[in-house]
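Student: Pasted the sequence and its predicted model underneath.
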Protein chains: 2
Amino acid sequence: MNSNPKRKATIYDLAQAAGMSPSTVSAILNGTWKQRRISEETAQRVQQLAEARQYSVNRQARGLRKNRSGLIGMIIPTYEDKFFAMMSQTFDGMARERKLHPIVASTLREPALEVATVRTLISYQVDHLVITGATDPDAVHRICRHHGVAHVNVDLPGRDAPSVVSDNRWGAAKLTAALVASSRPQADAARDRIYFIGGSAGDYATECRVQGFSDTLAATLGPPSPGQIRRCGYGAVRTQEEMARLHAELGGLPRGLLFVSSVVLEGAIRFLRTLPESDLRSCAFASYDWDPFASYLRIPVHMMCQDVQGLLGAAFTLIEEHPLDKRVIEIRPKFVPAGLRRVA
Amino acid sequence: MNSNPKRKATIYDLAQAAGMSPSTVSAILNGTWKQRRISEETAQRVQQLAEARQYSVNRQARGLRKNRSGLIGMIIPTYEDKFFAMMSQTFDGMARERKLHPIVASTLREPALEVATVRTLISYQVDHLVITGATDPDAVHRICRHHGVAHVNVDLPGRDAPSVVSDNRWGAAKLTAALVASSRPQADAARDRIYFIGGSAGDYATECRVQGFSDTLAATLGPPSPGQIRRCGYGAVRTQEEMARLHAELGGLPRGLLFVSSVVLEGAIRFLRTLPESDLRSCAFASYDWDPFASYLRIPVHMMCQDVQGLLGAAFTLIEEHPLDKRVIEIRPKFVPAGLRRVA
DNA sequence: GTGAAAGCGCTAACAC
DNA sequence: GTGTTAGCGCTTTCAC
């Protein structure tokens, strides 16, 4: 067996070896040979030959010729967040089911990197693009549209392309209601409040969640004051600092805390673990997103597990069937009350 | 501004518009124009034109011509594990630093999927391949070698390609020593032991870790009996079941537990949280790998944080400089002792 | 049922 | 300093 040839085998090599033309070999190896009514026998022979020589189609050549690549790209802010890790995993599987090869890249919430990465993906001729958590979806959209690349926004919507997002308002409202129900009034008036922690001003997800939070409070304990909403970003360190500040201000923990994401929750925990346990018992906790370990913390945390299958399923449908639509689809996440440790 | 042309601009379009030849345009746009001694002025003009028309090089065409793609592939078992999430993130950054585009795919520890994915990546003409956590690195190696693709194994070594792995033996020894030091003798002899949980028989990482575990025990509490080593896989559910079984067998928890990975730890926690807290206090816990939330659990867990930068840094060096070497490089992970966990 | 030939967009000899 | 040209490996008309 000639297992280490100088060059990779091409259809020309196979054609020569089999004594037939490259076009016949091509048809046999890419499955279009029934239309050409090539005999079963010929086909078999070529397929065996290809196997023996470990033939592997050159997709750059195929893509160039067909003006498609078979690639589907996705950009995410980071892999190191359970939500986006789940997105990557699910995306991989769904792409494969559709005979597309997934190509994921992280862009660290940096607008310049988002744009540069999308340009690169387009230069590789990706057939479709899924844009998740983009800080500037519309800039990305302009590039995609100019190059005629079908794309869809996930998690953060754009105005110009179809989008599918979490039902953030519902999710935040539900978490807030759970906080109200599972917490007790505090003696100290300054601490008898529920706070919203994390996210950034102007960020779509943040604002929707703030909205759900505010609506629910307005209907229960009374509308929040501006100081109850603390958009201290998406990072763990800044959250840790913000929590220390809040704790100092109030002289203790408030009645309840709603965190905008699981990385923000992590930052909060870094601070909370410096407190004596008795301090923690008077406060209720909730967090958007879900992390398996976070559900095993000593403090009970209500969580909101995003429906990753639902989000990406809708994204694939849009991309395949309604690429020109500009609708925004909302997918309801799943409420995981504290105490329930596992998502079904 | 013609912002939505029928077709993407090519160097031919630009050449025509600029009144010069495609090769000149090509040289200008790919940076080889100094060698051609093209005038600064001409270059500028073309670059502006390219900008205006939003020209984007077709990398399939370039790759076909140059017989390179600019892609570097990596396969991982799953994104939903902190260690591999960190690997993906770091890989992305390091690839970009080298002007390569990263292309990651998950293969779920399924040998068939590993092979199929590697074949696909090769058909896209990836320039290099990083194989992490492969169940069958040597099968992958044969494919890569046949196609002349430089590759390196990470986390699990192969016999035929350069590899870089965690210093598993050292790490497990260190964790075991920490368990011995931080635990107290149990009254009941059956429970006065430390157990190794998770991994699979024959798996390289498992066996190295078992080795470090056994060596350390032999030198301290005495060599482990076969029953102290329970290779119940890498999944959370099977671990949960195994823990229940062990607990029933012993009539309680043992002196200490060493888990092979953080997902295995997660499975154990699912069981442990059903126990009264007093039961937990007599047992010491340690786990390979590291997860931010796991360090905030109420039970103190010693952890071993892998040096992802070190692993991938070495991998890139090998791939670029010693692709034919078959050496195995060991990178020492970082011991993260259980701290004070009064809180979460 | 099969072959010949053009051409996808790019790069790199080689020409001038 | 710039143009001409061949060809990377494949698909796909069109011809027979």
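Tutor: Sure thing, it's come through.

Student: Contact residues of chain A facing DNA strand C?
Tutor: A:19-24, A:36-39, A:42, A:61, A:64-65, A:67 (Cβ under 7 Å from any atom of the strand). Where C-beta positions appear, they are placed from N, C-alpha and C, glycine not excepted.

Student: buried set for stretch A:280-293?
Tutor: A:280, A:282-293 (16 or more other Cβ atoms under 10 Å in any protein chain shown).

Student: follow-up on the earlier one: among the residues of chain A next to DNA strand C, give me the pair with the biggest separation.
Tutor: Put simply, by Cβ to Cβ the two of those set farthest apart are A:Gly19 and A:Asn67, 31.6 Å from each other.

Student: between these two, which one's more packed in?
Tutor: Between A:Gly19 and A:Asn67, A:Asn67 has the larger neighbour count (other Cβ atoms under 10 Å in any protein chain shown), namely 12 against 7.

Student: Using the three-state scheme, assign the residue nearest to the more buried one when sequence neighbours are not counted.
Tutor: Once flanking residues are discounted, A:Asn67 sits nearest to A:Gln125: 7.6 Å by Cβ to Cβ, 6 or more residues apart in numbering or on different chains. Using DSSP: H, G, I helix; E, B strand; the rest coil, the three-state assignment for A:Gln125 comes out as coil.

Student: show me what contacts A:Gln125?
Tutor: Counting by Cβ atoms under 8 Å, 6 or more residues apart in numbering or on different chains, A:Gln125 touches A:Gly63, A:Asn67, A:Arg68, A:Ser69, A:Leu71, B:Asn58, B:Arg59, B:Gln60.

Student: Could I get the phi/psi values of it?
Tutor: Phi and psi for A:Gln125, reported as degrees, to the nearest 10, are phi 70, psi 40.

Student: Tell me, how many residues neighbour the residue of the stretch 1-150 of chain A found nearest DNA strand D?
Tutor: At 2.9 Å from DNA strand D, A:Ser23 is the closest residue in the stretch 1-150 of chain A, using Cβ to the nearest atom of the strand. If you count neighbours by other Cβ under 10 Å, A:Ser23 ends up with 11.

Student: what do you get for A:Glu321?
Tutor: 9.

Student: How is chain A divided into domains?
Tutor: Using automatic domain parsing, the domains assigned to chain A come out as A:11-57, A:66-161, A:168-305.

Student: Low-confidence ranges, chain A, go.
Tutor: A:1-6, A:323, A:340-344 (pLDDT under 70).

Student: Can you tell me who the closest residue to A:Asn153 other than its chain neighbours pairs with across the strands?
Tutor: Leaving aside its sequence neighbours, A:Asn153 sits nearest to A:Ser163 (Cβ to Cβ, 6+ apart; 4.0 Å). Assessed by DSSP bridges, A:Ser163 has beta-bridge partners A:Asn153, A:Val328.

Student: Relative to A:Arg332, how far out is A:Ser163?
Tutor: According to Cβ to Cβ, to the nearest Å, A:Ser163 and A:Arg332 sit 15 Å apart.

Student: go on, A:Gln54?
Tutor: Counting by Cβ to Cβ - A:Gln54 and A:Arg332 are separated by 48 Å.

Student: out of the two, which sits in the busier spot?
Tutor: Counted by other Cβ under 10 Å, A:Gln54 and A:Arg332 do not tie: A:Gln54 has more neighbours, with 19 against 14.

Student: That one belongs to a strand?
Tutor: No - A:Gln54 is assigned coil when assessed by three-state DSSP, not a strand.

Student: neighbours around the residue nearest to it when sequence neighbours are not counted, how many?
Tutor: Nearest in space to A:Gln54, with sequence neighbours left out and distances taken as Cβ to Cβ, 6+ apart, is B:His146 at 5.3 Å. By the criterion of other Cβ under 10 Å, B:His146 has 18 neighbours.

Student: And A:Val115, by the same measure?
Tutor: 17.

Student: Phi and psi next, for A:Val57.
Tutor: Backbone torsions of A:Val57, given as degrees, to the nearest 10, read phi -60, psi 150.

Student: Also the one 10 residues further on?
Tutor: A:Asn67 adopts backbone torsions of phi 60, psi 40, taken as degrees, to the nearest 10.

Student: With A:Ser183 instead?
Tutor: Torsion angles at A:Ser183 (phi, psi; degrees, to the nearest 10) stand at phi -120, psi 160.

Student: likewise the one 3 residues further on?
Tutor: The phi and psi torsions at A:Gln186 (degrees, to the nearest 10) take the values phi -100, psi 150.

Student: next one: A:Ser106
Tutor: In this entry, A:Ser106 is assigned phi and psi values of phi -100, psi 140 (degrees, to the nearest 10).

Student: From DNA strand C, how far out is it?
Tutor: 26 Å (Cβ to the nearest atom of the strand, to the nearest Å).

Student: got a list of what that residue touches?
Tutor: Going by Cβ under 8 Å, 6+ apart, A:Ser106 touches A:Ile75, A:Ile76, A:Pro77, A:Thr78, A:Tyr79, B:Ser88, B:Gln89, B:Asp92.

Student: Look up which residues are beta-bridged to it.
Tutor: A:Ile76.
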